[in-house]
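**Q** Using only what follows, build the 3D model:
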Amino acid sequence: MPHPGPHSWRQAKSASRAVWRRWIDGWRGAVPRSRVVDVGWLLRHAKASFIWDAPRPVLNKGQRSAHAKAVSGCPAVVDHDSRLIEVACPIDARIRFQRDARGRPKLENALGDASPIRARHLGQMLQLVDEREWRHPQRPILQIITPYLFLADEPVWLTQLPPVHAYSPVPWPGVLIGGRYPIDVWPRTLMWAFEWHDPSKDLSLKRGEPWFVVRFETMDPSRKTRLVHAELTPALEDYLQGLEGVSNYVRGTFSLFNVARSRRPQRLLTTAAPFIQAAATGE
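**A** Residues are numbered from 1 along each chain as shown. Okay, here's the model as predicted:
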């Protein structure tokens, strides 16, 4: 590339600092950035960890049509599905909402002795949100604590969604409560939160079926994400202790993001073993 002439230099000097930097980058050739952002996942504080399957990609599920104009080949559909990571339900259960003789809400293992999961252990997984904290007075909110944790060393936002790609012949009598937060600053373990719109119907869960999906957003929407198995290092565990349970003490945990950034180690993501290759997520 020829050296810029005097006229070019005069234009560069009169430009703003930001324009000058862009001009220099273009002249020298900007350093290419990776097309893929690594997102780590791990199971934290998981009891009976073998029941919690590894997250899996949604892409290429099901039979594909050979027709050139088939929906399965639509670039927009493929790109959307390639950015979804599916988490499977860990248990078979039928959960019933009831009120006791004093009108207090409670949960019941509707399968009784036929349940594959013991009532005591099911009760340890389930958490009925205090009635005063429901979004609607007639819609109970149930939470299931999961050990799934996602993290990144670049700005990445996680959105938790219902399994929008999957059809269930027995629909849930309510909706999953989604959420969105930055996993490079606030890598907390996920909750499965369910709002019971029809409490007269049981909530049926089936092990192995799609339970929820997560979608990752990067600063550059064109970049893909690659899911890797992360290691729970001492530095990461110490950082997680700082954000654990803060919602019990303050209102609006997003207000603590600046504190979290100031105390964040330079590196949180240490790869334990590769799990999903870039090709599997549509890269």
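
**Q** Quick check, central residue of the chain?
**A** Centroid-nearest residue in the chain, with CA atoms, centre = their mean: Val214, separated by 3.8 Å.

**Q** Can you tell me the closest non-neighbouring residue to that one?
**A** Ile85 (5.0 Å; CB to CB, 6 or more residues apart in numbering). C-betas here are computed from N, CA, C, even on glycine.

**Q** Beta-bridge partners for the one you found, please?
**A** Taking DSSP bridges as the rule, Ile85 bridges to Pro57, Val214.

**Q** contacting residues for it?
**A** Pro55, Arg56, Pro57, Val58, Val213, Val214, Arg215, Phe216, Leu227, Ile276, Thr281 (CB atoms under 8 Å, 6 or more residues apart in numbering).

**Q** try Gln266
**A** So Gln266 contacts nothing (CB under 8 Å, 6+ apart).

**Q** Please report how far it lies from Glu154.
**A** 12 Å (CB to CB, to the nearest Å).

**Q** what's the domain layout of the chain?
**A** In the domain annotation for the chain, the residue ranges read 1-32, 33-281 (automatic domain parsing).

**Q** Can you tell me which of those domains is most buried?
**A** Stretch with highest mean neighbour count among the domains of the chain: domain 33-281 (a mean of 15; mean count of other CB atoms under 10 Å).

**Q** so for that domain, what's the average pLDDT?
**A** The average pLDDT within domain 33-281 is 89.

**Q** centre of the chain versus that domain, how much separation?
**A** 5 Å (CA atoms, centre = their mean, to the nearest Å).

**Q** can you map out the helices along the stretch 101-250 of the chain?
**A** Here the stretch 101-250 of the chain has its helices, by DSSP state H, counting those that start in this stretch, at 119-125, 234-243.
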